[in-house]
Structures are given as structure tokens and as C-alpha cells.
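A.B. asks: Predicted coordinates and the sequence they were generated for:
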Amino acid sequence: MANSMNNPDHRDAITLFARMGYAARGIVYVLVGGLAALAAFGQGGQTEGSRGALERVLTAPFGKVLLGIIAVGLVGYAMWRTIQAVKDADHHGNDVKGLAIRSGLMVSAVTHILLAFFAATLIFQFGGSSGGSEGGSQGMAGWLMQQPFGRWLVGAVGLVLIGAGVAHAIKGYKAKFHKHFDMPIKTQRWAYPICRFGLVTRGIVFAILGSLFLLAAYHINPSQAGGTAEVFSTLRSQAYGQWLLAIVAVGLFAFGLYSILAAIYRKINPEM
């Protein structure tokens, strides 16, 4: 098994799927950020999360084909995240910090495979979905709540999301992604500020998501959990909410660009 996974063909396939995955994630976040920015300045409707963004893709010319490509890419990204978590492809280690990062990678794998499944349901059954978090974050929280120690499981997911948010913010602020990139110096000059802003913003969004899961656990109410759309609603309800939403929207757009850059320049180590 190990020999087969070290076969160059397998390594090339994993690398291809990983790059497709980063590109697909980037497209989703560019759409999410762009739609949220339009909503913030009154040029669009209700703010939407990743599911709403995928629904918008379906209405475009050749929408089902585009959505199918994105879905395959998201599956590839989930696969790569699983390899990163289980095989420690990026060498995070087995200490507390390393295991926490790898747990976050595994959560990312699960959320992106669910998003890929949602995209597939849109392709084959148009019109029966919503851009909200029903069946997404709230659905996952509801399912976890029904398990033994479900309240604590929901709380644990919240803590993992907050931890992932802090890690993203630090990664962006300190430009720790540099060690994983093989990018020309000229490109770095304009790309790195975008990457840093995008990562910090996504870290903030993750921290808010985690807080919503903690609230759901505390009140034993899975409907209080939520996805990106609920984060947007939370921001919009604050003082200067329009500007907060606009800043986060631009930041998520920047994170989408970071992901697209990762599809091109990230070092992929699929050794198993």
C-alpha cells in the first residue's frame, strides 16, 4: 500500500486534486466576498454564505458544468485536507499545537465534502435548496446534539473553530504561509498583502463561527449555530454594521484570491 501511494502517478494525481481544491475554494470565497460586498452597499439582496454563492453559480451560463467542476475541486480539497491531517503532510507534529492544527484540518475536510455534496444536490435537483445554513452548520450541530454527549461535541467543534480562527489570523499576520509557497519575489510584493488580509479576515470569521457553536452548546439549541451567512447577519446587526460587513466581505474576497494563488504557487507534498 505504501509503495503504491509513493508511485509518481499517485503523487501527481494527489497534487492535481489539491491544486483543483485550492482553486475551487478560491472561487467560492471570491463569490461569497463579492456578493457580501454588494449587499453591504445596497447593490444586492440578503447576504449569503458559501451555499448561496453556489446557488448563484447554477444560474450562470453553463452553470451546471461550472458547479460540477467546483464540486470535484471541493472533493479534491477535502481529500488533501484529510491527507494533511492524517499523514501530517505539512509536518505539524504530534504535540498539542500540532494536533490542534491537524484537528482543524480534519474539520475543514468534513465541511468541504459537505459543501461538495450540496453542490451535487443543486446540479441534480435545482430549486429545492436555500443559501442559508439549514442542513449545513445548523444541520451538523443538530446531528451532533442527538449523539451521546452531544452538547459537549458541539462545544468542542466551537473550540476547534475558534482555535482555527486564531491560527489563521496568526498565519496571516506573521505571513507564515511563506514557507509553503514557491512564489517569485515580484509576485510576493503585491500578493502577500492580499494573502495576509484574507487570512486574518477568515480567522475572524472562524472565531465568530466558533462562538455561535458555543452558544448553541450552552443553550442546547442547534439553531443558534450557523455558517458564513449567519456571521454576516451578526456583523450587520452591530453598530457600523454596514462597514464591518464591507470590510469582512473584502477580506473574504482577498482570501479567495489567496486560495487561487495557493492553487498555483503552494508547495504540495503528497508523500505518504
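C.D. replies: Looks like it arrived, so ask away. Numbering: from 1, shown residues only.
A.B. asks: Could you point out which residue ranges in the chain have low pLDDT?
C.D. replies: 1-9, 43-48, 126-136, 271-272 (pLDDT under 70).
A.B. asks: Buried residues, stretch 81-99. List them.
C.D. replies: Arg81, Thr82, Ile83, Gln84, Ala85, Asp88, Ala89, Asp90, His92 (16 or more other C-beta atoms under 10 Å). Every residue, glycine included, has its C-beta placed from N, CA and C.
A.B. asks: do stretch 213-226 as well
C.D. replies: Buried, per 16+ other C-beta under 10 Å, within stretch 213-226: Phe213, Leu214, Leu215, Ala216, Ala217, Pro222, Gln224, Ala225, Gly226.
A.B. asks: Just the closest of the residues you listed to Asn269, please.
C.D. replies: Using C-beta to C-beta, Phe213 is the member of the buried residues of stretch 213-226 that sits closest to Asn269, with 31.3 Å.
A.B. asks: Now that the closest one has come up, it's in contact with Leu153, right?
C.D. replies: No: contact criterion C-beta atoms under 8 Å: Phe213 and Leu153 do not qualify, at 9.9 Å.
A.B. asks: Distance of the nearest residue to Val110 once chain neighbours are set aside relative to Ala85?
C.D. replies: Nearest-residue entry for Val110: Ala78, 7.6 Å, with adjacent residues in sequence omitted and distances by C-beta to C-beta, 6 or more residues apart in numbering. Noted for Ala78: a distance of 11 Å to Ala85, by C-beta to C-beta, to the nearest Å.
A.B. asks: for Met79, same thing?
C.D. replies: Applying C-beta to C-beta to Met79 and Ala85 gives a distance of 11 Å.
A.B. asks: Identify the contacts common to the two.
C.D. replies: Ala109 (C-beta atoms under 8 Å, 6 or more residues apart in numbering).
A.B. asks: would CSV of the buried residues of stretch 213-226 with secondary structure be doable?
C.D. replies: Shown next, in CSV, are these (DSSP: H, G, I helix; E, B strand; the rest coil):
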residue, secondary structure
Phe213, helix
Leu214, helix
Leu215, helix
Ala216, helix
Ala217, helix
Pro222, helix
Gln224, helix
Ala225, coil
Gly226, coil
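A.B. asks: Serialize these to TSV and add fields for distance to Arg56.
C.D. replies: Formatted as TSV, the buried residues of stretch 213-226 follow (distance: C-beta to C-beta, whole Å):
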residue	distance to Arg56
Phe213	26
Leu214	30
Leu215	29
Ala216	27
Ala217	32
Pro222	26
Gln224	26
Ala225	24
Gly226	19
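A.B. asks: Pro270 versus the closest residue to Tyr265 other than its chain neighbours, what's the distance?
C.D. replies: What sits nearest to Tyr265 in space, not counting adjacent residues and going by C-beta to C-beta, 6+ apart, is Met183, at 4.2 Å. The gap separating Met183 from Pro270 is 20 Å, by C-beta to C-beta.
A.B. asks: In this structure Leu161 contacts Ala207, no?
C.D. replies: Yes: counting by C-beta under 8 Å, Ala207 is a contact partner of Leu161 at 7.4 Å.
A.B. asks: Comparing the two, which residue is more hemmed in?
C.D. replies: Counted by other C-beta atoms under 10 Å, Leu161 and Ala207 do not tie: Leu161 has more neighbours, with 25 against 19.
A.B. asks: dump the residue contacts of that one.
C.D. replies: In this structure, Leu161 makes contact with Gly104, Val107, Phe206, Ala207, Leu209, Gly210, Phe213, judged by C-beta under 8 Å, 6+ apart.
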